[in-house]
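Asker: got a structure for you, letters missing:
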RNA sequence: GGGGUGGUAGUUAAGCUGGUUUAUAACGCCGGCCUGUCACGCCGGAGGCCGCGGGUUCGAAUCCCGUCCAUCCCG
């Protein structure tokens, strides 16, 4: 396809922008945050709830769905849409990152990567061709090219080789991907914390006809200042007329920084995984429901929040549910966190439209990051 | 009344044929972490006059005596 991406508003003071793209008639406004639904479900909440909270684009994982239940099974159900009932949009990860972060005994060569499943230890080989085939079977709306994601502490020589491989795999991904009407294909550039390799990789990947571009290999163990430096130097060099996607990024303070530098799309497990570990996000900072000071707290997770959890339940009750291992606590915390992220992105968009993102950022950070005691 | 068994962190237990310098563990409690999800996960911390009182010994949660409590069996 030829993904139409329109920029509606550009800041005059930084690289931030508001835009939108449309796939199968479903409009996505950017900046956009995508919740992660690894196995075709955002853990603990239903597709309807996801949509009602305000999301119409979620990420699902090629690697996981390939292992279970198998991409052919999903295909026979009519792809992820038919399988899950989430009648909106899916972006699928290529599997490259999972092989890096989950699989044991991986061996990378030009052809692809062989690894052992984290589930049963069985041997598999992923290639760009297979990744495209799997993502096609899954019926993803946005498909990611197969890349190699080096760890944050990888040395120069290793990363130099990895960008060559990533380039080779990007070309093969395009070749192997049978273009469908309503299916976008995004490329990913790498380069670790090395600016020259980043520039080289970006040039290589953007020479190919992708519908959008992602900056990969960030928040994978490198120092935060190194990541920030790369973002500052690189994002504004990414093609302006295509969506820019920062993979795996999701700390709220990071989101602001990345958006300010021109990123349009994000995905992250943070709101959902952290919810299941007791953490909830508010404009006053992040808190853990396990803390004993919430035992008798009759107030909602965040005062003024209009989400289902906050309309109906107190922190004291949710804390009780958490400690009794009641599934409901995971649901309520997840719903709230997803709602917070949604609200946060909406506020950011509004700030961009008014060209007040920097003020918004400093105000947000002054409260969110400084929270110590009794701010609720 | 006689006999058996047991009393060790908040809880449940291990250690108990005497001897490593800070008496273990699990759960609970307190706190931290989580960035393209092996994730109801991971890491750390606090907490014990080893029922009580004597005795033996260089040394006792461990052996002996007494005592209290719990529990079971027999009268």
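Answerer: Looks like it arrived, so ask away. Please read all numbers here as calculations on a predicted model, not as lab measurements.
Asker: Provide a list of residues in contact with the nearest residue to residue A:47 once chain neighbours are set aside.
Answerer: Using CB to CB, 6 or more residues apart in numbering and skipping the chain neighbours, the partner closest in space to residue A:47 is residue A:86 (3.7 Å). In short, each C-beta sits where N, CA and C put it, glycine included. If you count contacts by CB atoms under 8 Å, 6 or more residues apart in numbering, residue A:86 has them with A:37, A:47, A:50, A:51, A:58, A:80.
Asker: so residue A:359, which of the three states?
Answerer: helix (DSSP: H, G, I helix; E, B strand; the rest coil).
Asker: right, and it touches residue A:348 too?
Answerer: No - checked against CB atoms under 8 Å, the pair residue A:359 and residue A:348 is beyond contact range at 11.8 Å.
Asker: For the two, indicate the residue with more neighbours.
Answerer: Set residue A:359 next to residue A:348 and count neighbours by other CB atoms under 10 Å: residue A:348 wins out with 23 against 11.
Asker: quick one: that one and residue A:256 touch, right?
Answerer: Yes - using CB under 8 Å, residue A:348 is in contact with residue A:256, at 6.9 Å.
Asker: what residues are shared contacts of those two?
Answerer: Common neighbours of residue A:348 and residue A:256 (CB under 8 Å, 6+ apart) are A:357, A:360.
Asker: ok, back up a step: so which of the contacts of residue A:86 is the most crowded?
Answerer: In the contacts of residue A:86, the most neighbours by other CB under 10 Å go to residue A:80, 26 neighbours.
Asker: Around the residue nearest to that residue when sequence neighbours are not counted, how many other residues sit close by?
Answerer: Nearest non-adjacent residue to residue A:80, counting by CB to CB, 6+ apart: residue A:90, 4.8 Å away. Applying other CB under 10 Å, we find 24 residues neighbouring residue A:90.
Asker: how near is residue A:202 to residue A:237?
Answerer: 6 Å (CB to CB, to the nearest Å).
Asker: Looking at these two, which is more packed in?
Answerer: Using other CB under 10 Å, the more surrounded residue of residue A:202 and residue A:237 is residue A:202, with 22 against 13.
Asker: Let me see the contact set for the more buried one.
Answerer: A:189, A:191, A:213, A:234, A:237, A:238.
Asker: need the residues of the stretch 1-150 of chain A near RNA strand B, please.
Answerer: A:35-38, A:42-43, A:59, A:61, A:64, A:93-94, A:96-98, A:100-102, A:104, A:118-119, A:144, A:147, A:149 (CB under 7 Å from any atom of the strand).
Asker: Can you name the residues of the stretch 251-376 of chain A that neighbour RNA strand B?
Answerer: A:251, A:254, A:267-270, A:272-274, A:276-279, A:288, A:290-293, A:295, A:323, A:325, A:327, A:330.
Asker: Let me know the helix or strand that residue A:165 is in.
Answerer: Assigned by DSSP states H and E, residue A:165 belongs to helix A:156-176.
Asker: Quick one: residues in contact with that helix.
Answerer: A:94, A:108, A:110, A:112, A:127-129, A:131-133, A:145-150, A:154, A:185, A:187-192, A:194, A:197, A:200-201, A:204-205, A:208-210.
Asker: quick one: terminal-to-terminal distance for stretch A:129-149?
Answerer: 17 Å (CA to CA, to the nearest Å).
Asker: Name only those of the contacts of helix A:156-176 that count as buried.
Answerer: Buried members of the contacts of helix A:156-176, scored by 16 or more other CB atoms under 10 Å, are A:94, A:108, A:112, A:127-129, A:131-133, A:145-150, A:154, A:185, A:187-192, A:194, A:197, A:200-201, A:204-205, A:210.
Asker: taking those one by one, which sit in strands?
Answerer: A:108, A:185, A:187, A:188, A:189 (DSSP state E).
Asker: could those residues go into JSON lines alongside distance to residue A:166?
Answerer: Listed next are these as JSON lines, based on distance: CB to CB, whole Å:
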{"residue": "A:108", "distance to residue A:166": "11"}
{"residue": "A:185", "distance to residue A:166": "15"}
{"residue": "A:187", "distance to residue A:166": "9"}
{"residue": "A:188", "distance to residue A:166": "7"}
{"residue": "A:189", "distance to residue A:166": "7"}
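Asker: Grab the two from those residues that are most spread out in space.
Answerer: A:108 and A:185 (22.1 Å; CB to CB).
Asker: Mind jotting down where the strands sit in the stretch 251-376 of chain A?
Answerer: Here the stretch 251-376 of chain A has its strands, by DSSP state E, counting those that start in this stretch, at A:265-268, A:279-282, A:285-288.
Asker: show me what contacts the closest residue to RNA strand B within the stretch 1-150 of chain A?
Answerer: Minimum separation of the stretch 1-150 of chain A from RNA strand B (CB to the nearest atom of the strand) falls at residue A:149, amounting to 2.6 Å. Listed by CB under 8 Å, 6+ apart, the contact partners of residue A:149 are A:96, A:97, A:100, A:101, A:162, A:190, A:216, A:217, A:220.
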